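**Q** Sequence first, then the predicted structure, then my questions.
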Amino acid sequence: MLYALVPCGLRTVAVGFVDVGRVFPPGGFRLTTDGLKVGGGAGVLVQLLAETAILGFTTAWGPDGLTLYAHWQWPF
């Protein structure tokens, strides 16, 4: 863990992701790649002090457009 070696009060993490999937309509199930949708995203997570909340900003894009997220979470 690199953050343990750097004495500072700020931790940051960059994330990236890709998602591939499809919806199966009611009726017969057929395993196929027809209708696959691909999306991706990126984000930054920031923690100010060792035991405080984590603030995150992420964005995702895909066939339905761009979505922005801001979230607050607590480590446990």
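**A** Now that the structure is in, tell me what you want to look at.
**Q** Val23 sits in which helix or strand?
**A** Using DSSP states H and E, Val23 is not contained in any helix or strand.
**Q** and what of Trp72?
**A** Taking DSSP H and E as the criterion, Trp72 maps to strand 65-73.
**Q** For that strand, which outside residues touch it?
**A** Under the criterion C-beta atoms under 8 Å, 6 or more residues apart in numbering, residues Gly43, Ala53, Ile54, Leu55, Gly56, Phe57, Thr58, Thr59, Ala60, Trp61 lie in contact with strand 65-73. All C-beta atoms are positioned from the backbone trio N, CA, C, and that covers glycine.
**Q** residue ranges of the strands in this protein, please?
**A** Counting by DSSP state E, one finds strands in the chain at the ranges 11-21, 37-47, 54-62, 65-73.
**Q** Please work out how many residues are found near Val38.
**A** 11 (other C-beta atoms under 10 Å).
**Q** from what I can see it touches Val18, true?
**A** Yes - assessed by C-beta atoms under 8 Å, Val38 is found in contact with Val18 at 7.1 Å.
**Q** quick one, what contacts Thr59?
**A** Under the criterion of C-beta under 8 Å, 6+ apart, the contact list for Thr59 reads Gly41, Ala42, Gly43, Leu66, Thr67, Leu68, Tyr69.
**Q** Filter those residues down to the buried ones, PyMOL style.
**A** One line in PyMOL is enough to select the buried ones among those; burial here means 16 or more other C-beta atoms under 10 Å:
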select buried, resi 41+43
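**Q** Of the contacts of Thr59, which pair is most distant in space?
**A** Put simply, by C-beta to C-beta the two of these set farthest apart are Gly43 and Leu66, 13.1 Å from each other.
**Q** so where's this structure uncertain?
**A** 1-8, 50-51, 76 (pLDDT under 70).
**Q** again, 50 this time
**A** Counting by pLDDT under 50, the chain shows low-confidence ranges at 1-2.
**Q** Just send the strands of the chain back as TSV, with distance to Phe29 too.
**A** Shown next, in TSV, are these (distance: least, C-beta to C-beta, whole Å):
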stretch	distance to Phe29
strand 11-21	15
strand 37-47	18
strand 54-62	24
strand 65-73	29
